[in-house]
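Q: predicted model and sequence below, questions to follow.
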Amino acid sequence: MDATAFITFARRNPTIVAGSIILLFMTVVALAAPLIAGDPRLMNPVNRLKPPSAQFWFGTDGLGRDIFSRCVYGARISLIVGVSVASASVLIGLAIGLAAGYLRWLDNYVMRVMDGLMAIPAILLAIAMVSLNRATVGIVIIAIVIPEIPRVVRLVRSVVLTTREQPYIEAAISGGSRSLKIVLRHILPSTIPPLIVQATYVTASAILIEAGLSFLGAGVPPETPTWGNMIASSRLLLARAPWTIFFPGLCLALVVLAVNLLGDGLRDRLDPRLSRRM
C-alpha cells in the first residue's frame, strides 16, 4: 500500500487506523520489554516514591520499583490475556454456535446451558475459579473464557438461523449436499465478519476483567507486574504519589480504547448497511 492509498484509507476509516496504531505500538513495546525496560521486580527503598524524572520516566512506587518497567511488562500480561481469551472463546463459541444453529434438536439443550452460564456474573465466576486453583495466567484465561463463550454462541447461532433460511441453502439441501459441506462452505463464511468484531470486544472485556481480578488480589500472583495489581498496591498513595496510579491506569485505558476503536471501525466497515450509509 503506497502513501496515497494509505492516506485515503485512513480518511475513510480513522477509527481502524487509530486503534491499530495504538495496539501495534503497545505490542511492540511489550515484545521489546527486555530491551527497553529494567527488572520490574527490583526493589530499592532508597528510590521510594520518586516522581517522574529522566532516570525514572514514570517515577517509582512505594517499594522503589520502576513504574515504567512494570507498565511495560504489565502490557505483556494484558495483551496475552486479551488475545488468548478472544481466540479461545471465538473458536469454542463458533463450533457450539454452528452446531446449535444448524441442528434444531440440539438448539434447545445448548441454549439452556448458555443461558445458565450467562446468568453468572463473569467476575464472580472468575474469582471462584481462581480461588479454587493456584493463581496463574492460564487459570485467569480459563476463568475469563468460560463466561465469554455464551456471548459468542448466541451471536453465531443468530447468524446461522438467518443464513440457513436463504434460498441457496435450501437449494444445497435439496441437491443432496452433506450437512458438513453446507455448514463449512455456505454458512461458516457468513459468521466471520460479526465474529471479527465480537473478538475485539471480547479482547477489551478480558483485559478489563483481568485488571479487575488483579486489583481484587484474585488474579495473577502479586509479584507478577500487571496494571491491575499496580493500581491496587498504590491506591493508598494516590494523594501523595498520584503517578503510581496514573501511568498504569493510562496504559489500561489506552489499550481498551484502541481495541474498542478497532472494533467500531471494523463493524462499520464489515456491515454492508452501515458501509453504504457512511
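A: Cool, got the structure.
Q: all contacts plus neighbour counts: C-alpha atoms, from now on.
A: Fine.
Q: okay, now the unreliable bits of the stretch 1-150 of the chain?
A: 1-3, 5-6, 9-10 (pLDDT under 70).
Q: now the helices for it?
A: Taking DSSP state H, counting those that start in this stretch as the test, the helices found in the stretch 1-150 of the chain are 3-12, 14-31, 33-36, 67-102, 104-118, 122-132, 137-163.
Q: columns distance to F58 and mean neighbour count on top of those helices, output as CSV?
A: Shown next, in CSV, are the helices of the stretch 1-150 of the chain (distance: least, C-alpha to C-alpha, whole Å; neighbours: other C-alpha atoms under 10 Å):
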stretch, distance to F58, mean neighbour count
helix 3-12, 32, 12
helix 14-31, 15, 18
helix 33-36, 14, 14
helix 67-102, 5, 23
helix 104-118, 40, 14
helix 122-132, 30, 17
helix 137-163, 26, 21
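Q: with distance to Y201 as added columns, please give these in CSV.
A: Rendered in CSV, the data for these read as follows (distance: least, C-alpha to C-alpha, whole Å):
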stretch, distance to Y201
helix 3-12, 22
helix 14-31, 13
helix 33-36, 26
helix 67-102, 8
helix 104-118, 16
helix 122-132, 15
helix 137-163, 10
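Q: CA atoms of stretch 95-109 as CSV?
A: This file holds the C-alpha atoms of stretch 95-109, laid out as CSV (Å, rounded to 0.1, in the frame of the first residue of the first chain):
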residue,chain,number,x,y,z
ALA,A,95,-18.2,-24.6,17.0
ILE,A,96,-21.0,-24.7,19.5
GLY,A,97,-23.0,-21.9,17.8
LEU,A,98,-22.8,-23.7,14.4
ALA,A,99,-24.0,-26.9,15.8
ALA,A,100,-26.8,-25.3,17.8
GLY,A,101,-28.0,-23.1,14.9
TYR,A,102,-27.9,-25.9,12.3
LEU,A,103,-29.1,-28.9,14.3
ARG,A,104,-32.6,-28.0,15.5
TRP,A,105,-32.8,-30.9,18.0
LEU,A,106,-29.6,-29.7,19.7
ASP,A,107,-30.5,-26.0,19.8
ASN,A,108,-32.8,-26.1,22.9
TYR,A,109,-30.3,-28.0,25.1
